[in-house]
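Colleague: Quick one, what's the 3D model for this:
(one chain, ligands or ions: 2)
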Amino acid sequence: MSFPAIRMRRMRRDAFSRALMREHTLLASDLIMVAFVIEGEGQRDPVLSMPGVDRLSIDELLKLAGECVRLGIPALALFPSPDADAKSLDASEAWNPDNLMHRATRALKARYPELGLIGDVALDPYTTHGQDGLIDASGYVMNEPTVEALIKMSLAQAEAGMDFVAPSDMMDGRIGAIREALEDAGYIHTRILAYSAKYASAFYGPFRDAVGSSANLGKGNKHTYQMDVANSDEALREVELDINEGADAVMVKPGLPYLDIVRRVKDTFGVPTFVYQVSGEYAMLKAASQNGWLDEKAVVLESLTAMKRAGADAILTYYAIDAARWLRGG
Ligand SMILES: NCC(=O)CCC(=O)O
Ligand SMILES: [Mg+2]
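Modeller: Ligands and ions are numbered 1, 2, ... in the order given. Predicted structure coming up:
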């Protein structure tokens, strides 16, 4: 049977039947806000390549966290933008119990214990060269020594009260090593969000401005550990390894250009699958909107809905607060 018995437009004719047949609904509870933390008090330091995003001192971060709680956003992902003097070759500031990240975690957990906190685990904010790991004389990022550092970093975050440690470094074997260390230390509830399929993407540019690693990274790249943008089967292998090593949730990153990967991961493994709408995606949508070329609210909600449609269970986005407000009709 076909036309005219089947008219696809019948169900689209009115809002009520469009609502009834809608397959996916974006909710505030799908969103994870992303924030950059800096030293100081009363500081809101704009990220020039991400208009509308500020690096926040801890007191300002608390206000943003309060807004997340009020809007029903379940979690906040934290990235530190430490002062230049906190950077070193061995990245040891990363596991200093009193570092910026851990002070922020304790302050947030004291004020908003119900707000989930996701801590970035990678060395790039703390290294003088801007790589995610420790380098040898040739500049190659060394796997095992980096994993040892990431273990120390994860334990320190767990100790500070982080709910999720989120290794974003793409070293081999780090999920298993971190999981074992957490269990041995008694942090049996600390979740691991594995950045499993993290691509060597040019869409991270504005983020590197935000955490202050772009100047240090210079002309360097991360091709020896992040994935080739041309690959898809390889992402499934990465995800499978991380699940087997003890990840509680896996991540695909970036978002919109990689929704084919999200769909394959979700269909293949059926595990909690998160996606990251990265800084470059934010910058594109924001710049076009500021020029009057795109309708910001419409394109942001469309992009986030597309991520859910692709199978994402949760979405990290710099737009989380805006989107949650728009979803409330604001
Ligand atoms: N680990 C975080 C990144 O590498 C970049 C995120 C972004 O571009 O928003
Ligand atoms: Mg891996």
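Colleague: So Tyr225, which state does it fall into?
Modeller: For Tyr225, the assignment made with DSSP: H, G, I helix; E, B strand; the rest coil gives coil.
Colleague: wouldn't it be in contact with Leu134 here?
Modeller: No - counting by C-beta atoms under 8 Å, Tyr225 sits too far from Leu134 to count as a contact (12.0 Å). C-beta: built from backbone N, CA, C; applies to glycine.
Colleague: higher neighbour count, the two?
Modeller: Leu134 (22 against 18; other C-beta atoms under 10 Å).
Colleague: mind listing what the more buried one touches?
Modeller: Counting by C-beta atoms under 8 Å, 6 or more residues apart in numbering, Leu134 makes contact with Leu89, Asp90, Ala91, Leu123, Thr127, Val141, Met142, Pro145, Thr146, Ala149.
Colleague: now, which of these sits nearest Thr25?
Modeller: Leu123 (38.4 Å; C-beta to C-beta).
Colleague: burial of the closest residue in space to that closest one that isn't next to it in sequence, as a residue count?
Modeller: Spatially, and ignoring its direct neighbours in sequence, Leu123 is nearest to Ala91 (4.1 Å; C-beta to C-beta, 6 or more residues apart in numbering). Ala91 has 26 neighbours, counted by other C-beta under 10 Å.
Colleague: any idea how far Val278 lies from Glu114?
Modeller: 27 Å (C-beta to C-beta, to the nearest Å).
Colleague: Briefly note if the longest helix seen in the chain comes near ligand 1.
Modeller: Longest helix in the chain, counting residues (DSSP state H): helix 143-160. No - using C-beta under 6 Å from any ligand atom, helix 143-160 stays clear of ligand 1, coming no nearer than 12.9 Å.
Colleague: In that helix, which residues are buried?
Modeller: Neighbour counts over helix 143-160 (16 or more other C-beta atoms under 10 Å) mark 143, 146-147, 149-151, 153-160 as buried.
Colleague: that older thread, surely the residue nearest to Leu123 is in contact with Ala149?
Modeller: Yes - counting by C-beta under 8 Å, Ala149 is a contact partner of Ala91 at 6.0 Å.
Colleague: Common neighbours of the two, please.
Modeller: Counting by C-beta under 8 Å, 6+ apart, the residues touching both Ala91 and Ala149 are Leu123, Leu134.
Colleague: Please list all residues in contact with Ile321.
Modeller: Ile321 touches Met33, Leu64, Glu67, Cys68, Leu71, Ile73, counting by C-beta under 8 Å, 6+ apart.
Colleague: Over to Asp136?
Modeller: Met142.
Colleague: What of Glu240?
Modeller: Phe269.
Colleague: again, but for Ala107
Modeller: Going by C-beta under 8 Å, 6+ apart, the list of residues near Ala107 reads Ile58, Leu61, Leu62.
Colleague: which among these gets closest to ligand 1?
Modeller: Leu61 (17.2 Å; C-beta to the nearest ligand atom).
Colleague: More neighbours: Val278 and Glu114, which one.
Modeller: Val278 (26 against 7).
Colleague: hang on, the more buried one packs against Gly205?
Modeller: No - taking C-beta under 8 Å as the definition, Val278 is not a contact partner of Gly205, at 9.3 Å.
Colleague: Ligand 1 contacts on this protein?
Modeller: Close to ligand 1, as judged by C-beta under 6 Å from any ligand atom, the chain has residues Asp120, Ala122, Ser168, Tyr204, Phe207, Val278, Ser279.
Colleague: Which of those residues fall in strands?
Modeller: Asp120 (DSSP state E).
Colleague: Most neighbours among the residues of the chain next to ligand 1, which one is it?
Modeller: Ala122 (28 neighbours).
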